[in-house]
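Undergrad: the sequence and its predicted three-dimensional model are supplied below.
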Amino acid sequence: ADFNYGADEYDAEGNEEPKALPEGSETMPYIDESPTMSPQLSARGQESGDGVSPTPTDGLGTGGERDAGKGLEMRKLVLSGFLASEEIYINQLEALLLPMKPLKATATTSQPVLTLQQIETIFYKIQDIYEIHKEFYDSLCPKVQQWDSNVTMGHLFQKLASQLGVYKAFVDNYKIALETAEKCSQSNYQFQKISEVGEGTGLQPQVAADTFSLPSALLYKPIDRVTRSTLVLHDLLKHTPADHPDYPLLQDALRISQNFLSSINEDIDPRRTAVTTPKGETRQLVKDGFLVELSEGSRKLRHVFLFTDVLLCAKLKKTAVGKHQQYDCKWYVPLADLVFPSPEESEHCPQVHVIPDHELEDMKMKISTIKSEMQKEKANKGQSRAIERLKKKMFENEFWLLLNSPAIPFRIHNRNGKSYLFLLSSDYERSEWREAIQRLQKKDLQAFVLSSVELQVLTGSCFKLRTVHNIPVTSNKDDDESPGLYGFLHVIVHSAKGFKQSANLYCTLEVDSFGYFVSKAKTRVFRDTTEPQWNEEFEIELEGSQSLRILCYEKCYDKTKLNKDNNEIVDKIMGKGQIQLDPQAVQTKNWHMDVIEMNGIKVEFSMKFTSRDMSLKRTPSKKQTGVFGVKISVVTKRERSKVPYIVRQCIEEVEKRGIEEVGIYRISGVATDIQALKAVFDANNKDILVMLSDMDINAIAGTLKLYFRELPEPLLTDRLYPAFMEGIALSDPAAKENCMMHLLRSLPDPNLITFLFLLEHLKRVAEKEPINKMSLHNLATVFGPTLLRPSEGESKAHLTLASDIWSHDVMAQVQVLLYYLQHPPISFTELKRNTLYFSTDV
């Protein structure tokens, strides 16, 4: 069986890529001695996956199994995989030793390629390591070939571990060996050509004629091998019964190996983030991460590395199974030559093609549905193959979302000519990159051009120096990681202090969902002040969120700086900060007050969290005089109207001055304004119309949504909810039309008339989509779950996870409203006339 440590990864174009061992560079790699709890999923296993030992994927068993037959089979699978990689390792050592003989032969001649001392330094202890592993392989191979319950092999692993002193000597010499090899390669053409014999082993593709591959490709192998052996010992112990004679021997071998790895990690850790330039200077990695680049008109996922003097943009190379994974440098800009173009300078840059919101929402729905299916599979102890298939599908969808959702431009310009454009979803993140680069640019930096060898060494070091190993999608998380919060976060932004001079100030709030951050709310601008008092409340929907970010801006009113690109943010960030959303601290009924300190500024805010199942609860109003929380039939009867006054007035105001507002109904209104309007409508105050005309249009839109959300039962009723779910799932168009129209007829008259009134309004809003960016799909996404929800009892009956509530029926709720929005105009009179032809049973 061909098993691998490390799950599949995708390259920047979304192609499936097997993870493999990093190529070496001139610094010692940090070695991970920790066990892989789940080899095929563990990030640690991925980082060092060289196709070493097998990972069961077809229900062969779990780590805790002690079933004798399965345990025996699992041990054989682990050992078979390990033997295959051991054979590759021995071949690699042979390839490393290949140039040693001709080099030694010339050392005693009048024209030596290298001196004997240089040869001894470069190839120190490699012959010994080769002999140790050859003996181990020759002893283990026949045992695995004649495998049965009586075979023992623990003593072979114990002996291998007892010889790690040879590896310690190799490690102590490693840095000087690498430096010697590189110096000899650069100064001695003959040695360079001899060393390229290593290229013929298929270990590394030839990058350039002057590339010296032997030390960077092969000298790393012995260090990596100890880590591989340690992982295999973990696997063997997992599937070896405690009373088996091998068990204590394997435990002893594991203890020795872990102690060895710990000791050498202490020696090499300080060098972990640095790479040495050929001139002997240290180039430190300051920051790295995944960014979306707009390249030749299409979006590409890049891994961007910021070093002390250069910004390097790379992607993982496409490599065949078993080959070593490397980064491919797409471009680099020395920081001395890097500038950020001003908005007017960036007019010539390519324009950003923004993916429509409804496509992004559709993809989120798909991802949530897959999550639900995975939870059901796990709960029913489904086949691991089915779960892996779902996981792969989820990764593909999340990767698409990660690639297509960012829209905030981050432009990089090389003063020697070329410009580059990244797209980010978070202004906070853009600010982090810009500030990190500007801090480094304060130093005395020199412009330079990297030679092909220098560029290869630098790019080769990226794999080991990187701090971000996985694409930031939720499917890359371990099962025991927090899934984040699902529900509604209520945040009041109170005030800020610490500004040195008066300015026009506002705040934005960002939360993470689906692996990336998005801006969710924005306060009003507080003009000409050093101590803004916003006191604005926002309700933010959380979709697996773990962090809240607050950014404080100074508003720019200078028209010359405003870019034609809608997504460009030209306002100046005065400060920014982030807090973790701790479920224990947040999930209380009371407000939790906090302060974020940012760049000398303190922003005061409060927050509380409502889970999704709590937000479903509709509490009828105790006083039947108001309109919020009161049955729609009671309100219309009291008002002697067909549609509640609050619905008519809010819709009229939105159509008068908000129909062209970007994001109308999607962007949150200020919660305090919404509460003020709610109080006025409940009291039936005579000043309602004056207040409406002065109020921010998003607050009026928010009041209308709140009215429908607080109805004692949803507008389309609890009774008909299951029938709507079944109707929208019908495949035959004629049957669906009959069913969906029949369901409307079955609604009480006040509910039906109000629904049809709202429907026509939403269609008029969508007609302005080119201006307000609100399509029928966007509007259905906003209103569907508000007008159509399962009753409390029903939602509890099939709820298995907090996150399931988001996906379980929401897609169908959106589809129901979208069906009616896309339907030709529906007349109340026509509907009622047709009642005669249909049964009244639902």
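TA: Cool, the structure landed. These numbers come from a predicted model, not from an experiment. Numbers count the residues shown, from 1 in each chain.
Undergrad: mind listing what's buried in the longest helix seen in the chain?
TA: Longest helix of the chain, by residue count under DSSP state H: helix 68-97. For helix 68-97, the neighbour count (16 or more other CB atoms under 10 Å) marks 70-86, 88-90, 92-93, 95-96 as buried. (C-beta placed from N, C-alpha, C; glycine too.)
Undergrad: then stretch 136-153?
TA: 136-137, 140, 143-144, 147, 151, 153.
Undergrad: would you turn the residues you listed into TSV with distance to Asp362, pLDDT and secondary structure?
TA: Output for the buried residues of stretch 136-153, formatted as TSV (distance: CB to CB, whole Å; pLDDT from 0 to 100; DSSP: H, G, I helix; E, B strand; the rest coil):
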residue	distance to Asp362	pLDDT	secondary structure
Phe136	55	92	helix
Tyr137	53	92	helix
Leu140	53	92	helix
Lys143	55	91	helix
Val144	50	90	helix
Trp147	51	88	coil
Val151	55	88	coil
Met153	54	91	coil
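Undergrad: and which of those is nearest to Pro712?
TA: Pro712 has its nearest neighbour among the buried residues of stretch 136-153 in Trp147, at 69.0 Å by CB to CB.
Undergrad: ok, that closest one touching Lys76?
TA: Yes - Trp147 lies in contact with Lys76 (CB atoms under 8 Å); the separation is 4.8 Å.
Undergrad: grab the nearest non-local neighbour of Leu237.
TA: Once flanking residues are discounted, Leu237 sits nearest to Leu250: 5.3 Å by CB to CB, 6 or more residues apart in numbering.
Undergrad: now for the chain, the helix or strand with the poorest mean pLDDT.
TA: Least confident helix or strand, the chain: helix 43-47 with a mean of 33, by mean pLDDT, DSSP states H and E.
Undergrad: same for the longest helix of the chain, what does it pack against?
TA: For helix 68-97, the packing partners by 3 or more CB pairs under 8 Å, 6 or more residues apart in numbering; DSSP states H and E come out as helix 126-145, helix 214-218, helix 221-238.
Undergrad: now do the SS call for Phe410.
TA: strand (DSSP: H, G, I helix; E, B strand; the rest coil).
Undergrad: give the burial count for it, as a bare number.
TA: 20 (other CB atoms under 10 Å).
Undergrad: for it, list each beta-bridge partner.
TA: On the basis of DSSP bridges, Phe410 is bridged to Phe422.
Undergrad: hang on, the earlier thing: can you give the distance of the longest helix of the chain from its chain's centre?
TA: 34 Å (CA atoms, centre = their mean, to the nearest Å).
Undergrad: got the angle for the helix or strand that that helix is followed by vs helix 126-145?
TA: Downstream of helix 68-97, the first helix or strand assigned by DSSP states H and E is helix 100-107. Calculated by axes from the mean of the first three to the mean of the last three CA atoms, to 10 degrees, helix 100-107 forms an angle of 160 degrees with helix 126-145.
Undergrad: contact partners of helix 100-107?
TA: 112-116, 119, 123, 126-127, 191, 194 (CB atoms under 8 Å, 6 or more residues apart in numbering).
Undergrad: contact partners for Leu164?
TA: 226, 256-257, 260.
Undergrad: let's have those residues in CSV, adding pLDDT, distance to Lys442 and neighbour count.
TA: Conversion of these to CSV gives the following (pLDDT from 0 to 100; distance: CB to CB, whole Å; neighbours: other CB atoms under 10 Å):
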residue, pLDDT, distance to Lys442, neighbour count
Val226, 78, 42, 22
Ile256, 84, 49, 19
Ser257, 83, 46, 24
Phe260, 76, 43, 20
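Undergrad: got the angle between the longest helix of the chain and helix 221-238?
TA: Going by the same axes, to 10 degrees, helix 68-97 makes 170 degrees with helix 221-238.
Undergrad: so the residue of the chain most remote from its centre: helix, strand or coil?
TA: Centroid-distance maximum for the chain: Ser110 at 60.5 Å, with CA atoms, centre = their mean. State at Ser110, reduced to three classes by three-state DSSP: coil.
Undergrad: who touches it in this structure?
TA: Contacts for Ser110 were tallied using CB under 8 Å, 6+ apart; there are none.
Undergrad: read off the pLDDT value for it.
TA: On the pLDDT scale, Ser110 is placed at 80.
Undergrad: same question for Thr62.
TA: With respect to pLDDT, Thr62 has a value of 42.
Undergrad: and if you look at Ser839?
TA: Reading off the model, Ser839 has pLDDT 42.
Undergrad: as a check, name the ranges of all helices in the stretch 501-650 of the chain.
TA: 583-586, 612-615, 632-639, 645-657 (DSSP state H, counting those that start in this stretch).
Undergrad: now the angle from the longest one to helix 632-639?
TA: Orientation note: helix 645-657 sits at an angle of 90 degrees relative to helix 632-639 (the same axes, to 10 degrees).
Undergrad: same question for whatever helix or strand comes next after helix 645-657, mean pLDDT?
TA: Note on helix 645-657: by DSSP H and E, the next helix or strand toward the C-terminus is helix 671-683. Mean pLDDT, taken over the full extent of helix 671-683, equals 88.
Undergrad: buried ones in helix 671-683?
TA: 671, 673-674, 677-678, 680-682.
Undergrad: what does that helix rub up against?
TA: Contacts of helix 671-683 (CB under 8 Å, 6+ apart): 490, 492, 535-539, 625-628, 645-646, 687-688, 691-692, 695-696, 699-700, 702-703, 706-707.
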